[in-house]
Structures are given as structure tokens and as C-alpha cells.
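Q: Here is a sequence together with a model predicted from it:
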Amino acid sequence: MTTAPAIDLRTFTTLDDVRGDLIDVYAEVRAPLLHLPNYAVTAFGDRLDRHGADPGFVAVLAYAKGHPVGYGYGNTIERGDRYWQRICPAPTEKYTESPALALKEGGVRPAWRGTGTARRIHDALLATREEPYVTLMVNPAAGDGKVHALYRSWGYKDIGSSQPSPASPVLSVMIRAND
């Protein structure tokens, strides 16, 4: 890991002031995939608007010299949430009996990968939360498996798979304690 220049981490609980920055970073992070319907910027914008209106929404963005270089966001999910309902096999009650934090999206501009920025965003986001568990879905093919392995190195474990929409790839569902 190389040392990154100084970044400023900012936390947001509404989309009002940050939607444009989220879309800007997303478009660069997912540039190789934007031709696929599920990854198109418009599809992301629709998901972002939906997630931003969900209970417990929080986003953390990293800025360098005033420009956004990475982001992560999520929200609270309760027992019975469609997030849990789409997982196969169904998660154990241990994970669903209390509200959990679902990390819905995250990414770091290519020039900032390998600098620790993604981990700093992740940890700052989790530090704002009290849910006992945090869960996420990852495309196991992302980065030739490197993204999945990265989450494992951060303490996440696989608990199943999910295909959130017909246009989405089958994703690995991961979870860890929020400690």
C-alpha cells in the first residue's frame, strides 16, 4: 500500500448536498462497466435516490484538495427487509434479529486505489453506527476476485448469495460484527 496524500472525510445523512459528488465518483469507478444496464449511471442514480430515502441513510466521502476521490454509503435494514429476503440460503436469525447496517455502495477512483482510502471511508462510516452487524454484497468477479478478498481481509465472511435485480450479477453476501 502506498501512502495517500491527505484526505478529508465528510459524513452526510441526506443526499441534498452530495448526490452530484457521488455520481461523479461512481462514473469513474465503474467506467469499464457503464455499458451494462445495471451499472449505467442512470441506474445508479435511481438506486442512490431510493437508498437515500431509506431509514438510517449515511454516506462518507473522501475529498482531496476539495475534489471527491471515494465514497461509501449504506442504511439500516430490519428483519423482513427485502435485502434479507433475497439471500439464499436465508440468513440465520443471529444476523436479522436486530437492525443491521447494509453497505449499499462504495468505490475509490482508480488513482486512489491501494492507498488505504477505501478502508478509511469504510471505518469512518461504521464509526457512525450502532447496529451490531454490517453486511454488504459484492460481485465475486470484481477486480478478478480482489475486492471479495479485500472484504474478507476486513473481517467479512460469506453467508449466501443474492441477485438484487434481473440485470444484476449474482452477488456474494458478506457480514461481520460492527465492532
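A: In hand now; what should we look at? Numbers count the residues shown, from 1 in each chain.

Q: Could you find the closest non-adjacent residue to the most centrally placed residue in the chain?
A: Against the mean C-alpha coordinate of the chain, by C-alpha atoms, centre = their mean, the closest residue is Glu105 at 2.7 Å. Distances taken as C-beta to C-beta, 6 or more residues apart in numbering place Tyr73 nearest to Glu105, at 5.6 Å, with adjacent residues excluded. Quick note: C-beta positions are derived from backbone N, CA and C, even for glycine.

Q: and that neighbour, backbone torsions?
A: With angles defined as degrees, to the nearest 10, Tyr73 sits at phi -150, psi 160.

Q: Can we start the residue count at 2 from this point?
A: All right, first residue 2 from here; so that's Tyr74.

Q: give the contact list for it.
A: Listed by C-beta atoms under 8 Å, 6 or more residues apart in numbering, the contact set of Tyr74 reads 23, 49, 52, 58-61, 104-107, 126.

Q: Just the ones in strands from those residues, please.
A: Judged by DSSP state E, strands contain the following of the contacts of Tyr74: 59-61, 104-107.

Q: which stretches of this protein form strands?
A: Applying DSSP E to the chain gives strands spanning 9-13, 59-65, 68-78, 101-109, 134-139, 158-163, 172-178.

Q: can you put the ones you listed in TSV and add mean pLDDT?
A: Listed next are those as TSV, based on pLDDT from 0 to 100:
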stretch	mean pLDDT
strand 9-13	96
strand 59-65	97
strand 68-78	97
strand 101-109	95
strand 134-139	97
strand 158-163	97
strand 172-178	96
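
Q: How many neighbouring residues does Pro56 have?
A: By other C-beta atoms under 10 Å, 10 other residues sit near Pro56.

Q: residues in contact with the residue nearest to the centre of the chain?
A: 27, 45, 48-49, 52, 72-75.

Q: Surely Leu137 touches Leu104?
A: Yes - using C-beta atoms under 8 Å, Leu137 is in contact with Leu104, at 4.1 Å.
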